[in-house]
Each structure stands twice: as structure tokens, then as C-alpha cells.
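Novice: Show me how the following folds:
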Amino acid sequence: MGSVHVFILNERSSNCVSFSFQAQPSFGLLFDIDGVLVRGRLPIPAAKKAFSKLVNSQGQFVVPVVFVTNAGNCLRQTKAAQLSHILGVQIAPDQVIMSHSPLRMFKKYHNKCVLVSGQGPVLEIAKNLGFNNVISIDMLRESFPLLDMVDHNRRPKLPVRFLKFCFVLIIDSVVLFGEPIRWETNLQLIIDVLLTGGNLSSVHQTQKTPHLPLLACNMDLMWMAEAHSPRYDGFVLFLERDHVLDCYRSFMTLYLLQCYYKAHSP
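Specialist: All right, here's what the predicted structure looks like:
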């Protein structure tokens with residue numbers, strides 16, 4: 001905020017009275033993070049110096065500043081702390097828009113049973129966004145161990161019967177924060193959820209009907225880290241695999257709700 005000086009000429013004298021006040025800026029700044037301000041955990045060389053010019057002597061921004069990121073594997077307060085350390089300025093959590101931030105607006109799903117997939121503290125992220133009834137992929141595979149059979153080392157050692165929650169589990173929607181570590185597990189269980197209408201105690205449906213909603217964040221295909229060339233975003237590749245399978249395309253119609261927070265080209 002800059003100072004605006006006002007001079008008043010007293011009508012009864014030639015004395016000039018001066019005072020100043022802080023004017024509100026007429027603009028703000030919105031920054032992409034990945035590949036623009038930082039690459040991985042390293043700042044772009046000029047970024048740190050540039051940001052030192054955007055704060056006053058108290059370390060406060062002189063104009064409104066907001067940051068957007070493709071990251072979806074952490075809470076926004078965690079990302080704000082990381083950025084503060086990297087750029088050398090104090091950044092508040094409410095200045096950061098994560099790829100999953102738009103999910104706060106999907107209030108009609110907040111009280112429904114939601115399966116979440118991604119990396120990091122997915123349950124904490126989901127609850128922070130307003131979801132009140134959340135199940136992770138790990139929780140699901142522990143309750144239905146016979147559904148995850150690709151990794152032989154994780155297969156049940158002895159014959160087991162399907163374990164069930166103490167209540168009837170009906171999943172209403174699937175939320176994808178980003179690419180998983182174990183693609184085969186997540187892909188298999190998500191497909192099972194979609195093909196059973198959210199009821200894993202039932203068999204796959206064979207009628208071609210729209211399945212339950214699939215909410216996805218972060219649709220960028222590539223991003224810049226420390227490497228010289230762009231990195232492919234595993235999440236988009238994961239979604240494309242989902243499209244190819246399309247829940248065994250002959251049976252289901254993919255119903256995908258995509259959350260965008262910045263320009264995206266297909």
C-alpha cells in the first residue's frame with residue numbers, strides 16, 4: 001500500500017496543511033507456483049529477490065497476493081509454510097489455492113460416504129475440505145482383502161472371508177486428489193466401486209448406466225521440477241488409464257466431474 005499525500009490550503013490563511021493516508025491497491029497478483037516460482041523445492045533464481053520487493057519493512061505484502069498450485073498431496077497450511085521458507089516471505093494458508101481447494105464448493109457430497117485416493121494425509125485433507133464421512137483406499141482393502149490381488153506379497157496368506165464394516169457400506173462418490181503410489185491397487189478398487197454402484201458386497205453391474213460421481217483434481221499433463229525436462233503428471237496418466245478401461249467400457253458410461261482452478265488445455 002502506498003501513501004497518498006493531500007495538501008489543504010486554509011481559506012483564512014496561506015498556511016498549507018499536509019497529511020497522508022494509506023491507499024488501498026487497485027490490483028492484486030496471482031502466481032502459479034510449479035515451474036514459475038519454484039522447481040521442485042528450489043526457487044527460480046530471481047523469484048526470491050522479486051518477492052522481497054513485494055513486502056514492506058514489516059514483511060507484509062504491499063498488494064494482495066494469491067498462489068495456485070497443482071499440488072494435492074498436502075494441506076494448504078503445509079504448502080504455505082513450504083513457500084514461506086523457500087521464498088523468504090510470510091505466506092498465510094488462505095493465500096494458497098491447492099488443486100483440491102475447489103472441492104470445498106461441492107457441499108452436496110460433504111455428508112455422503114466418499115472414497116478418497118491420492119498421496120499424503122488424504123483423510124485429513126478431505127476432512128479439512130468439509131467431507132465428513134471419508135474412507136481411504138487402505139481402509140477399503142483392509143476390509144475387502146480379496147479385491148487387491150496383483151501384488152503377491154500382499155495377498156492373504158490363508159483363505160479368508162470378506163470382512164465387512166460394522167455397518168452397511170455404500171460409497172456415494174470417489175474423490176481423486178492425485179496419483180497414487182500403488183496404481184494397481186487404487187485402480188482395481190476404484191473400478192470395483194464404480195461397477196458395483198458403491199456396494200463392494202455385490203457383484204459387478206452389467207447394465208450400461210451412469211455410475212456414481214468421480215471427482216478429480218489437477219488435470220495438467222506435465223509440470224516442471226528440478227529436472228531439465230518436464231515431468232509427466234502421473235495423475236493424468238492414471239485418469240487416462242481409467243478412461244481406457246472406462247469400467248469395461250461396454251458396461252458403464254464414465255461420469256467424471258473435473259475440478260479446474262486455472263486454464264487447462266485438453
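Novice: just checking, Leu146 touches Pro156?
Specialist: Yes. Assessed by C-beta atoms under 8 Å, Leu146 is found in contact with Pro156 at 6.8 Å. Placement of C-beta: from N, CA and C, glycine included.
Novice: Which of those two has more residues huddled nearby?
Specialist: Between Leu146 and Pro156, counted using other C-beta atoms under 10 Å, Leu146 has the larger neighbour count: 13 against 10.
Novice: Please tell me the pLDDT value assigned to the more buried one.
Specialist: On the pLDDT scale, Leu146 is placed at 82.
Novice: again, but for Gln258
Specialist: 44.
Novice: Next one, pLDDT for the nearest residue to Leu195 once chain neighbours are set aside please.
Specialist: Closest residue in space to Leu195, ignoring its immediate chain neighbours: His204 at 4.1 Å, by C-beta to C-beta, 6 or more residues apart in numbering. With respect to pLDDT, His204 scores 81.
Novice: quick one: His204 is in a strand?
Specialist: No. Assigned with DSSP: H, G, I helix; E, B strand; the rest coil, His204 falls outside any strand and is coil.
Novice: any idea how far Leu187 is from it?
Specialist: His204 sits at a distance of 15 Å from Leu187 (criterion: C-beta to C-beta, to the nearest Å).
Novice: more neighbours, the two?
Specialist: Taking other C-beta under 10 Å, His204 and Leu187 do not tie; Leu187 has more neighbours (17 against 14).
Novice: quick one: what helix or strand has that one in it?
Specialist: helix 183-195 (DSSP states H and E).
Novice: With Met139 instead?
Specialist: Met139 is located in helix 137-143, with elements delineated by DSSP H and E.
Novice: Show the subsequent helix or strand relative to that helix.
Specialist: Counting by DSSP H and E, the next helix or strand C-terminal to helix 137-143 is strand 173-176.
Novice: list the helices and strands that next one packs on?
Specialist: Here strand 173-176 touches strand 113-117, helix 183-195, strand 214-217, helix 234-245, going by 3 or more C-beta pairs under 8 Å, 6 or more residues apart in numbering; DSSP states H and E.
Novice: what about this protein, any weak spots by pLDDT?
Specialist: Low-confidence segments of the chain (pLDDT under 70): 1-23, 158-168, 208, 219-224, 232-266.
Novice: Break it down into its domains, please.
Specialist: 3-97, 101-259 (automatic domain parsing).
Novice: which of the ones you listed sits most buried?
Specialist: domain 101-259 (a mean of 16; mean count of other C-beta atoms under 10 Å).
Novice: Give me the distance from it to the chain's centre.
Specialist: Distance, stretch centre to chain centre, for domain 101-259: 15 Å (C-alpha atoms, centre = their mean, to the nearest Å).
Novice: Repeat that for stretch 84-95.
Specialist: On C-alpha atoms, centre = their mean, the centre of stretch 84-95 falls 18 Å from the chain's centre.
Novice: Next: stretch 96-111.
Specialist: Remark: stretch 96-111 is offset 9 Å from the chain centroid, using C-alpha atoms, centre = their mean.
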